[in-house]
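S.K.: need a structure here:
(2 chains)
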Amino acid sequence: MSVNERETRASSLPDPFVPIRRSLRERIGRPKVSVVLSVVWLLIVIAWAIIPQAFTPLDPIAGNAAQAQQPPSLEHLFGTDATGRDMFTRVVYGSINSLSGALIAVSVGFVIGTAIGVIAGSSRRILDDILMRIVDVFLAIPSLLLSLSIIILLGFGTAQAAIAVGFTSVAAFARLSRSEVVRVRGSDYVEAAFASGGRFPVVLWRHVLPNSLTAVLALAALQFGTAVLSISTLGFLGYGAPPPTPEWGLMIAEGRNYIATAWWLTTLPGAVVVLVVLAANRVSAAIAAKGRIS
Amino acid sequence: MTTLTIDNLQVSYTVGRERLDVVRGVSLEIEPGQLLAVVGESGSGKTTTAQAATGLLAGNGSITGGRVLIGESDVSGWSEKRFRDLRGRSIGWIPQDPNNSLNPVKKVGESVAEVLRIHRWKDRAARRARVIELLDYVGIPNPELRATQYPHELSGGMKQRVLIAGAIALEPALLIADEATSALDVTVQAKILDLIDTLRRDSGTAVLMVTHDLAVAADRSDRLVVLRDGTVQESGDTDRVLAHPESAYTRRLLKDAPSFASLSLGDSLRLDSTPPAKPEISRGERALHVVEREVFEGVSHRSEDVDGSDAPVVVARNLVQDFGRAGAPQRAVDNVSFSIAPGSTHAIVGESGSGKTTTARIVLGFQKPTSGTVHIHGREITGLRGAGLRELRRRVQMVYQNPFGSLDPRQSIGDIVTEPLRNFGIGDAAERRTRVAQIIDRVALPATVLTRRPHELSGGQRQRVAIARALVPGPDVVVLDEAVSALDVTVQARILELLGELQRDLGVSYLFISHDLAVVRQLAHTVSVLRGGELVEEGRTARVFDHPEHEYTRQLIAAIPGRRAAAAGALASA
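M.R.: From the prediction side, this is the model:
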């Protein structure tokens, strides 16, 4: 309604020009508390990855056998494991593995998936059909099974796990970006761009891509959370980084043996993973909502 | 006893933390059997007023003052539950877009029966009989069969009749028609309005008609209420308002409404319906124009300009367009021919499905016709590809119907208008800037718009931007596809004026695609009337409108609303 109102006033005769420029502050609007919390949490985790030594004075690998299996205390926030390593330190140092892995995974999915989607969405029937049927096949395979198959081909390791996880999201990116490209291609302003002499690649770059990317970016944020989870899953199953790397999934797997006596070994790293995934989802939803409004 | 009384109604919406007063003190009364029309442009609060009367306000809207009386009872504070009983039983609602308002997975008979079932009207068998009776009453042929069909099997007019059947099923005292005929073709619209008139006569139903179309309101209403910005500008008996409008706003609306302007007596004097032998610019200006082109484009592509050739710019011959499978093609355009003289406007009019937009797309090179030819400046353009097609695009530009969809939301107005120059490699950066600044000034927009984005502009301003974009590469022909149909009437009038001015100054030809005969009469020199893809009639606008030869043209012209208003206006000015 507010837009309508503004429209009317602006269009009253003789087209007096009423500038309705909105500041960046206004355009973002009042951020929701949950979004702010999510962003803050993600920033903290990113800071862990960049400068872990600022958060903890201890070593993530070397343990102190005298202090093994201690429950969480002020000295050891997340407790210590069977070899006396400080769990909080390990979680902090582990964030680099999880985050860079997730980043690689999302990049792989985003770049390959969007490329396939844009090519399919903007080309002729036959190529579109071929590409999308391949994508359908990928969608039909359970993502964990797919990433396990890929990792067996690539070999074990953090980077390999990340790439394997990335490939499982190619299909999702391809489908979404194709549908966005098809939607934007059918719009009047794209036809108008062709009518004013635009060549195909120029129109694609100048009009189609910028207008189809918002939804894809929201998916990327969503996939970031999912990728953290998947990489941890692979780590838990032993397909990721080898011990004693402080990798979240691996830490949870190692703590499993002591679950009856030392609950903190699995619970606290698990909670960190859950929070990162939730925060990424919340941010993704906020991006998607923003895209719908503007 | 009045059927509906609205007394100093005030409605506001809460958006974020802001409160917007949308209706600010609207009063009206409807007697049984009367038709009261609430007229206003978009955002005037006309629909909100109707919604407030039925308790259908959006969640963030509330009545902040005044009273609404239905019959004797004040309903302004009523709960949703009490309103639910009222709706359907005492108030019938005819929605705006018939194509969106019927449940697509339900047979239309069930849709009509729904209101009866909700209000527990008799038993199943009686309801069935009543539905057939209603469908028959609203003029649906073979109602037994139609009741068992789904909405997609019915035409738009037919669906609107079904919705009316549902609205009157329980014989409500009040019927609210919110833009009920705006989405329909003009001949269908006339029939639906006739049906509403019959209904009023037969059962004394009062009708509240909400519309942006002053011509329709003027033809059918007993009383008129003119709204603007949520306040009543004028209210009174329709005849009085038309003959002696009191407010300046109403006078302007009456002046700008194309139906009145083009139907009023003696208009042939005002309107120059003869295509000019040459564009109406002097030789000197013409030479300047050519020089200007040469400066910007390096070479003149239009030697014809200097010769002043009278040969038509566009000649379309025997166009045929089939769609669908080769075995059973759907013929969208069937043997259509026309030509456009330089500096003149040719209009293609027709109702939906007449093939007018397809014809325009063929001229633009977006569609390769099944057969037939289009020559632009003597050059065959059908089947052009690559460089040839791009060269065509430079000479033939287009303005779309919807100014909200035809501008890229992420680009600034400056970028949008510069784009054709960049694509065609016209001039360097500085020249482009001057040229864009000139054209923006020419379409009467302030230079400050260049840095803004489309969503910061109003509909009229956006359409000016679209026109600027079409004119900036210096085309010979601009295709206007329903280019003013989505605009409010006052804005529409300004855009039409601008188009006329630009044609006089630049000598550009227009191919004007429209369903609105009133607008066509104002702008076009020559006209082709299409029906079902076939050319029904063609000729000079004045001839076609004053002495239509074909029966269908006569029907179309007869269906243009606004006769009563035109007559009243003539009386008033006499």
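S.K.: Now do the residue located most distally from the centre of chain B, the pLDDT please.
M.R.: The centre of chain B is farthest from one residue, B:Asp123, which by Cα atoms, centre = their mean lies 43.2 Å away. On pLDDT, B:Asp123 comes in at 87.
S.K.: Can you report phi and psi for it?
M.R.: Main-chain torsions, B:Asp123, degrees, to the nearest 10: phi -100, psi 180.
S.K.: Equivalent analysis for B:Met398, please.
M.R.: Phi and psi for B:Met398, reported as degrees, to the nearest 10, are phi -140, psi 140.
S.K.: What about it, how many residues nearby?
M.R.: Here the count is done by other Cβ atoms under 10 Å in any protein chain shown, and B:Met398 has 29 residues near it. From N, CA and C alone the C-beta is placed, and that goes for glycine too.
S.K.: Verify the contact between it and A:Phe194 for me.
M.R.: No. B:Met398 lies out of contact with A:Phe194 (Cβ atoms under 8 Å); the separation is 10.0 Å.
S.K.: Outline the domain layout of chain B.
M.R.: B:4-237, B:283-573 (automatic domain parsing).
S.K.: Show me which positions of the helix or strand harbouring B:Val131 end up buried.
M.R.: Assigned by DSSP states H and E, B:Val131 belongs to helix B:124-137. Neighbour counts over helix B:124-137 (16 or more other Cβ atoms under 10 Å in any protein chain shown) mark B:Arg127, B:Arg130, B:Val131, B:Ile132, B:Leu134, B:Leu135, B:Asp136, B:Tyr137 as buried.
S.K.: swap in stretch B:421-436?
M.R.: Of the residues in stretch B:421-436, B:Leu421, B:Arg422, B:Asn423, B:Phe424, B:Ile426, B:Gly427, B:Arg432, B:Arg435, B:Val436 count as buried by neighbour count, 16+ other Cβ under 10 Å.
S.K.: for the fifth one, phi and psi?
M.R.: Same thing as B:Ile426. Main-chain dihedrals, B:Ile426, degrees, to the nearest 10: phi -90, psi 120.
S.K.: Closest to the centroid, which residue in chain A?
M.R.: Central residue of chain A (Cα atoms, centre = their mean): A:Phe224, at 1.5 Å.
S.K.: got a pLDDT number for that residue?
M.R.: 84.
S.K.: same question, A:Ser73
M.R.: 80.
S.K.: again, but for A:Glu26
M.R.: A:Glu26 is assigned a pLDDT of 55 by the prediction.
S.K.: Equivalent analysis for the one 3 residues further on, please.
M.R.: Here, the pLDDT recorded for A:Gly29 equals 61.
S.K.: Also B:Ile467?
M.R.: pLDDT recorded at B:Ile467 is 92.
S.K.: That one and B:Leu502 touch, don't they?
M.R.: Yes. Assessed by Cβ under 8 Å, B:Ile467 is found in contact with B:Leu502 at 7.4 Å.
S.K.: Need the residues touching each of those two.
M.R.: Jointly contacting B:Ile467 and B:Leu502 under the rule Cβ atoms under 8 Å, 6 or more residues apart in numbering or on different chains are B:Val443.
S.K.: Could you pull up the residues touching B:Tyr137?
M.R.: B:Ala165.
S.K.: what about it, distance to chain A?
M.R.: 36 Å (Cβ to the nearest Cβ, to the nearest Å).
S.K.: B:Gln330 now?
M.R.: B:Gln330 sits 20 Å away from chain A, going by Cβ to the nearest Cβ.
S.K.: Near that residue, how many other residues are there?
M.R.: 10.
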